[in-house]
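Peer 1: predicted model, plus sequence, below.
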Amino acid sequence: MSLTAQELAGLMPDATQLESNEPEMESSLHYAQLALLVACLEWLWRERSDFFIGANLTIYFSREQLKNRDYRGPDFFLVNRTEKRPRRSWVVWEEGGQYPDLIIELLSDSTAKMDKTLKKALYQDRFRTPEYFLFSPDTLEFQGYHLVDRCYQSIAANSAGWLWSQVLGLYLGVQDGKLRYFMESGQLVPTPEEAAEQAQTAAQQAQIQAQQAEARAARLAEQLKALGVNPEI
């Protein structure tokens, strides 16, 4: 017999005491990739407050899990239609029973087998997470799956090798050895630093164009004066 959310909550420890229990990232390369995924999406959705991004954060979802210390924390996960606020961990029974809408695992020699088997089965059968992506910062291996009739099916790549995410409304693809987001138009989603540089470059170009236009106007005025025409009339 299945328990209601209220009954389940009564069997659980105080959720406020559940800290994340994830190991450190495999390498600085993995850490940099995770930070990149978080920063770019946070920047793109900076006006939104209805989502949560978990980065190397434990997801607590059952009493058995806690009893067996069988913790599962994706490297990156996204939950839509929720309050954007800091959390120590993602506690399913404290979040209205919500599981991630999208998960990305960063593969390594020590985790690849589990990510492709046990975790994939968990995300498919228990979490019912609509989309699951795997990427290796070392080998650049990249795969993606979406849930179809309760089973993960591979997402077909476009001509650039990118995979479309319906959850994000974006492409995921590899560029310069990093997993990045791309708009449907093909435009790269920048980091905050890249966006600032682009804005600075655009401002500088606008200033140069204004100066060039001013110089052209001044030359034209001189030419008109030489012909005996007052340009101010």
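Peer 2: Nice, I can see it.

Peer 1: how far away is T82 from I53?
Peer 2: 11 Å (Cβ to Cβ, to the nearest Å). Any C-beta I mention is one placed from the backbone N, CA and C, and that applies to glycine too.

Peer 1: ok, A32 - how many residues close by?
Peer 2: A32 has 13 neighbours, counted by other Cβ atoms under 10 Å.

Peer 1: from L134, how far off is it?
Peer 2: The gap separating A32 from L134 is 18 Å, by Cβ to Cβ.

Peer 1: for V92, same thing?
Peer 2: Distance from V92 to L134, by Cβ to Cβ: 22 Å.

Peer 1: what's the local residue count around the nearest residue to L107 once chain neighbours are set aside?
Peer 2: Nearest residue to L107, sequence neighbours excluded (Cβ to Cβ, 6 or more residues apart in numbering): S136, at 3.9 Å. By other Cβ under 10 Å, the residues close to S136 number 21.

Peer 1: what residues are up against S136?
Peer 2: The contact partners of S136, by Cβ atoms under 8 Å, 6 or more residues apart in numbering, come to L106, L107, S108, A112, F142.

Peer 1: how far away from the center of its chain is stretch 164-178?
Peer 2: 9 Å (Cα atoms, centre = their mean, to the nearest Å).

Peer 1: please save the CA atoms from that stretch in PDB.
Peer 2: Taking Å, rounded to 0.1, in the frame of the first residue of the first chain, the C-alpha atoms of stretch 164-178 are listed here in PDB:
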ATOM      1  CA  TRP A 164      17.600  19.300 -28.200                       C
ATOM      2  CA  SER A 165      16.200  19.600 -24.700                       C
ATOM      3  CA  GLN A 166      12.500  20.200 -24.500                       C
ATOM      4  CA  VAL A 167      12.800  20.900 -20.800                       C
ATOM      5  CA  LEU A 168      15.200  23.700 -21.300                       C
ATOM      6  CA  GLY A 169      14.000  24.900 -24.700                       C
ATOM      7  CA  LEU A 170      17.700  24.800 -25.700                       C
ATOM      8  CA  TYR A 171      20.300  22.700 -27.400                       C
ATOM      9  CA  LEU A 172      23.100  21.100 -25.500                       C
ATOM     10  CA  GLY A 173      26.300  20.600 -27.500                       C
ATOM     11  CA  VAL A 174      30.100  20.400 -27.200                       C
ATOM     12  CA  GLN A 175      32.100  23.500 -28.100                       C
ATOM     13  CA  ASP A 176      35.800  24.000 -27.400                       C
ATOM     14  CA  GLY A 177      35.800  20.900 -25.200                       C
ATOM     15  CA  LYS A 178      32.900  22.100 -23.000                       C
END
